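Peer 1: below: sequence and its predicted model.
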Amino acid sequence: MTFVILACALPVYNVWWPFFVVLFYLLSPIPTMVARRYTDGTGGTNSTSMEAAIFITMGFLVSSFALPIVLAHAGKIQLGACCLTLAGNVIVYLTILGFFTIFDMDDADYAMW
């Protein structure tokens with residue numbers, strides 16, 4: 001989030017268009033969480049609802065990377081703000097992936113937390 005805020009608030013860039021990717025950050029895990037809630041409980045990830053959730057999540061992910069690129073191409077933001085936003089995207093999505101990976105393990109020992 002620091003990179004996204006810097007892309008918006010630095011005096012060199014001074015535009016708030018890149019901050020709209022935060023909406024994608026908030027929406028991207030929702031389809032996966034809903035699909036996990038309504039799976040049949042067999043642990044299989046090949047259910048139709050899980051595949052649809054992954055498709056929607058990937059749509060949010062691609063959109064969050066495409067938005068700053070399109071804004072930079074249209075001249076609404078500078079290239080530096082675009083690069084800072086893309087770096088923020090990578091870090092945020094790796095964090096979300098790590099969260100789902102760590103807390104999805106059934107055999108994890110949570111005593112270390």
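Peer 2: Everything's here; your move.
Peer 1: residue 100: neighbour count?
Peer 2: Close neighbours of residue 100, defined as other CB atoms under 10 Å, add up to 13. Quick note: C-beta positions are derived from backbone N, CA and C, even for glycine.
Peer 1: tell me the contacts of it?
Peer 2: Going by CB atoms under 8 Å, 6 or more residues apart in numbering, residue 100 touches 29, 32.
Peer 1: Provide the secondary structure category for it.
Peer 2: Here residue 100 is helix, with the state taken from DSSP: H, G, I helix; E, B strand; the rest coil.
Peer 1: I'd like the next helix or strand past the lowest-mean-pLDDT helix or strand in the chain.
Peer 2: The least trusted helix or strand in the chain, going by mean pLDDT, DSSP states H and E, turns out to be helix 30-37, with a mean of 87. Under the assignment DSSP states H and E, the closest C-terminal helix or strand after helix 30-37 is helix 48-74.
Peer 1: list the buried residues of that next one.
Peer 2: Residues 50, 53, 56, 57, 60, 61, 64, 65, 67, 68, 71, 72 are the ones in helix 48-74 that count as buried (16 or more other CB atoms under 10 Å).
Peer 1: list the buried residues for the least confident helix or strand of the chain?
Peer 2: Buried residues in helix 30-37 (16+ other CB under 10 Å): 31, 32, 35.
Peer 1: again, but for stretch 79-95
Peer 2: 81, 82, 84, 85, 86, 88, 89, 92, 93.
Peer 1: most widely separated two among those residues?
Peer 2: 81 and 93 (18.6 Å; CB to CB).
Peer 1: can you pull the contacts of residue 15?
Peer 2: Residue 15 neighbours (CB under 8 Å, 6+ apart): 8, 76, 77, 81.
Peer 1: much appreciated, bye for now.
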